[in-house]
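J.: below are the sequence and a predicted model; questions follow.
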Amino acid sequence: MLQPGERIPAFSLRDDHGGTVTEADFAGRTVVLYFYPKDDTPGCTKQACAFREARDAFASRGVAIYGVSADGIASHEAFRTKFSLNFPLLSDPDHAVCEAFGVWGEQRWQEHVYQGIARTTFVVVDGVVKTVFPDVDVMGHAERVLADVF
């Protein structure tokens, strides 16, 4: 997993509006890049809605929010619309970016073992990782991240 002080890898991902986001878009900016397992599931919905509610507070500090999962663009569009999400969702269907950030791998839920995304948030300043929030508990997470960028 990327650690504070490391530069983020080069990447190019499509967003839920049909555009493309690359690491170059983060130059000179502070960005919250959160990786989540799946659109429209209970924990991921709570997390996304908490970031939606806090978006203005982040924006007032000049911080952009991006969510990343392996779901496709159509899934992201439906998720964004259903919950009125006000930040971009990035699609990483081959999980190459998830792997580069170190958040893809063996996951366990109840008695199931599978390959997927470990819920992780990175605060990135000018392309360099400032803070990593691994194994995120969605309850109160947006507030903890906001406190970090304050």
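T.: Everything's here; your move. Numbering: from 1, shown residues only.
J.: every contact and neighbour count from this point should use C-alpha atoms.
T.: Will do.
J.: tell me the residue furthest from the middle of the chain?
T.: Ranked by distance from the centre of the chain (C-alpha atoms, centre = their mean), the top residue is Glu111, with 25.8 Å.
J.: tell me the phi and psi of it?
T.: In terms of degrees, to the nearest 10, the main-chain angles of Glu111 are phi -100, psi 10.
J.: so Ala48: helix, strand or coil?
T.: State at Ala48, reduced to three classes by DSSP: H, G, I helix; E, B strand; the rest coil: helix.
J.: count the neighbours of it for me.
T.: 27 (other C-alpha atoms under 10 Å).
J.: can you pull the contacts of the most centrally placed residue in the chain?
T.: Geometric centre of the chain, nearest residue: Tyr34, 1.9 Å, by C-alpha atoms, centre = their mean. If a contact means C-alpha atoms under 8 Å, 6 or more residues apart in numbering, then Tyr34 has 65-68, 119-122 as its contacts.
J.: hmm, try it at 10 Å
T.: 47-48, 51, 65-69, 89-90, 119-123, 132-133, 136 (C-alpha atoms under 10 Å, 6 or more residues apart in numbering).
J.: please apply the same query to Asp16.
T.: 72-80, 87-91.
J.: pLDDT score for it?
T.: Model confidence at Asp16, expressed as pLDDT, equals 95.
J.: where does it fall, phi/psi-wise?
T.: The phi/psi pair for Asp16 (degrees, to the nearest 10) is phi -70, psi 0.
J.: what do you get for the one 5 residues further on?
T.: Here is the backbone geometry of Val21 (degrees, to the nearest 10): phi -120, psi 130.
J.: off-centre distance for stretch 106-126?
T.: Counting by C-alpha atoms, centre = their mean, to the nearest Å, stretch 106-126 is centred 11 Å from the centre of its parent chain.
J.: can you give me the buried ones in that stretch?
T.: Buried residues in stretch 106-126, counting neighbours by 16 or more other C-alpha atoms under 10 Å, are found at 116-126.
J.: beyond the helix or strand that contains Ser75, next helix or strand please.
T.: In the assignment (DSSP states H and E), Ser75 maps to helix 73-83. Downstream of helix 73-83, the first helix or strand assigned by DSSP H and E is strand 89-91.
J.: one step back: may I see the buried residues of the helix holding Ser75?
T.: 73, 75-77, 79-80.
J.: next, format these as CSV and append distance to Pro9 and pLDDT.
T.: Listed next are the buried residues of helix 73-83 as CSV, based on distance: C-alpha to C-alpha, whole Å; pLDDT from 0 to 100:
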residue, distance to Pro9, pLDDT
Ile73, 22, 97
Ser75, 25, 97
His76, 23, 97
Glu77, 26, 97
Phe79, 27, 98
Arg80, 26, 98
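J.: that concludes my questions; thank you for your assistance.
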